[in-house]
Structures are given as structure tokens and as C-alpha cells.
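# my questions concern the predicted model and sequence given below.
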Amino acid sequence: MFYLTAILVFLTAIYAYLTHRMVKVSEESVNETKIQTEALTRPYITIQPILKKHSPVISLSIKNTGLSAASNLRISIDRDFFQFNQPEDPTKNIRNFKIFSKPIKSFAPNYELTFPLAQSFFILGAEASDSCPSEFLITAEYEFAGKSVIEESYIDIEVFTGGEVDRDPLVSEIEKIRESIESKA
């Protein structure tokens with residue numbers, strides 16, 4: 001009888017240990033699921049330079065590519081950038097724009113703000129100007145679901161060097177017509 005009790009105690013201990021391990025694995029699984037769900041549903045502030053088709057102007061896009069709103073969004077830029085190389089006009093310094101100086105209470109999913117920076121020749125190449133730097137850092141700070149996030153986006157416009165924008169064939173034809181008229185005039 002003593003041996004049976006000892007075996008029963010031993011089996012109960014093994015059962016308790018295995019149950020404890022199963023609970024731990026379940027907790028880890030639940031935590032991983034929470035992390036994955038958060039990653040899928042959280043806001044993501046994407047900041048990048050863009051070239052729009054049929055335009056030589058490089059713009060700055062700030063977009064919430066996530067599935068929930070970013071609260072108390074604060075965006076800052078590490079240096080002055082004067083749109084279209086106009087340093088004499090302080091209103092052209094994007095660092096002074098409201099988005100870079102005041103928080104936005106809520107930045108909804110898929111919401112996008114686009115700011116024209118300058119034509120590529122003001123930023124790149126021989127005519128490049130210090131008032132239109134080709135590299136800068138933008139920091140986005142925001143909150144969601146009781147968490148704070150700080151994301152830094154290094155903007156390097158030099159990557160556009162050597163590339164070209166698709167030209168609209170209609171615009172090209174209109175330019176040819178205009179040149180033809182001008183040459184006859």
C-alpha cells in the first residue's frame with residue numbers, strides 16, 4: 001500500500017509539473033498573440049520623400065499606414081528646409097509649419113499629408129543649395145493604446161540621383177506643338 005501511495009504521489013507530481021508547463025506555454029502563446037495583434041492594428045507613421053508622376057518636384061509624404069489612429073502626434077525635423085530654395089522667406093521653412101511645431105491630437109489611418117519641397121535641381125547636383133538639404137532626420141512621437149512610440153526617419157533624397165520621372169505623353173506632345181508654333185512665329 002505504501003508503494004502505491006508513493007507511485008500515486010510521484011504521478012501526481014509529474015501531472016502537476018506537466019500542467020504547470022502547459023500553463024506557461026499557454027501564457028506565452030497568449031502574449032505572442034497580443035504582440036502580433038498590436039503589431040497588426042497599431043498606427044505606423046511613414047515619412048518618405050516622393051516624386052509624383054509628371055512632376056520634377058520632390059515632396060515629403062507623412063502618412064499613417066497603420067490600422068489605428070496615432071494620438072498626440074509630434075513631428076520634428078533636425079534642420080531648416082526652405083521650400084523651393086527660398087531662404088529669404090521664413091514662411092517657406094517647413095520647420096516652422098504647424099505639423100512640425102504643434103502636436104496633432106489624432107492622425108487617422110491612411111491619412112496623408114504631402115509637402116512640396118523643391119525641384120530636384122535645388123536639392124541635388126551642381127545647383128544644390130544649403131537651404132534645401134538632401135539629407136535630414138524627421139522624428140515622429142505619438143501614442144496609442146496607452147503606449148508611447150518614437151520613430152526616426154532618415155530622409156536621403158540623394159537616392160533619386162540618376163532617376164527620372166515618367167513623363168505624360170500628352171504633355172510631351174503639347175510641348176512639341178508649342179515649340180512648333182513658337183518656331184513659326
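Yep, that arrived.
# which strand residues bridge residue 63?
Beta-bridge partners for residue 63, by DSSP bridges, are residue 46, residue 112.
# oh, I was asking about residue 73
What pairs with residue 73, by the bridge criterion (DSSP bridges), is residue 104.
# that one contacts residue 103, correct?
Yes. Counting by CB atoms under 8 Å, residue 73 touches residue 103, with 6.3 Å between them. For glycine as for every other residue, the C-beta is placed from the backbone atoms N, C-alpha and C.
# looking at the two, which has the bigger crowd around it?
Taking neighbours as other CB atoms under 10 Å, residue 73 and residue 103 compare with residue 73 leading, 23 against 14.
# how much space separates that one from residue 148?
11 Å (CB to CB, to the nearest Å).
# any common contacting residues for these two?
Contact criterion CB atoms under 8 Å, 6 or more residues apart in numbering; residues shared by residue 73 and residue 148: 141, 142.
# could you pull out the helices for this protein?
2-41, 98-101, 120-123, 169-184 (DSSP state H).
# what's the pLDDT at the residue nearest to the spatial centre of the chain?
Closest to where the C-alpha atoms of the chain average out (CA atoms, centre = their mean) is residue 46, at 1.1 Å. Residue 46 carries a pLDDT value of 96.
# next one: the one 5 residues further on
Residue 51 is assigned a pLDDT of 86 by the prediction.
# test of understanding: give the bridge partners of it.
What pairs with residue 51, by the bridge criterion (DSSP bridges), is residue 58.
# so how far is residue 61 from it?
For residue 51 relative to residue 61 (CB to CB), the value is 10 Å.
# more neighbours: the two, which one.
With neighbours defined as other CB under 10 Å, residue 51 and residue 61 compare such that residue 51 has more, 17 against 14.
# surely that one touches residue 60?
No. Taking contacts as CB under 8 Å, residue 51 lies outside contact range of residue 60: 11.3 Å.
# now the common contact residues for those two.
Common neighbours of residue 51 and residue 60 (CB under 8 Å, 6+ apart) do not exist.
# in CSV, list the helices of the chain along with mean neighbour count and distance to residue 160.
Shown next, in CSV, are the helices of the chain (neighbours: other CB atoms under 10 Å; distance: least, CB to CB, whole Å):
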stretch, mean neighbour count, distance to residue 160
helix 2-41, 10, 31
helix 98-101, 13, 22
helix 120-123, 20, 6
helix 169-184, 9, 20
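# looking at these, spot the one closest to residue 154.
Closest to residue 154 of those, according to CB to CB: helix 120-123, at 15.3 Å.
# packing partners of that closest one?
If you count contacts as 3 or more CB pairs under 8 Å, 6 or more residues apart in numbering; DSSP states H and E, helix 120-123 packs onto strand 57-64.
# which parts of the strand it packs on are buried?
57, 58, 60, 62, 63, 64 (16 or more other CB atoms under 10 Å).
# which ones are touching the second one?
Same thing as residue 58. With the criterion set at CB under 8 Å, 6+ apart, residue 58 makes contact with 49, 50, 51, 116, 117, 118, 119, 120, 123, 157, 160.
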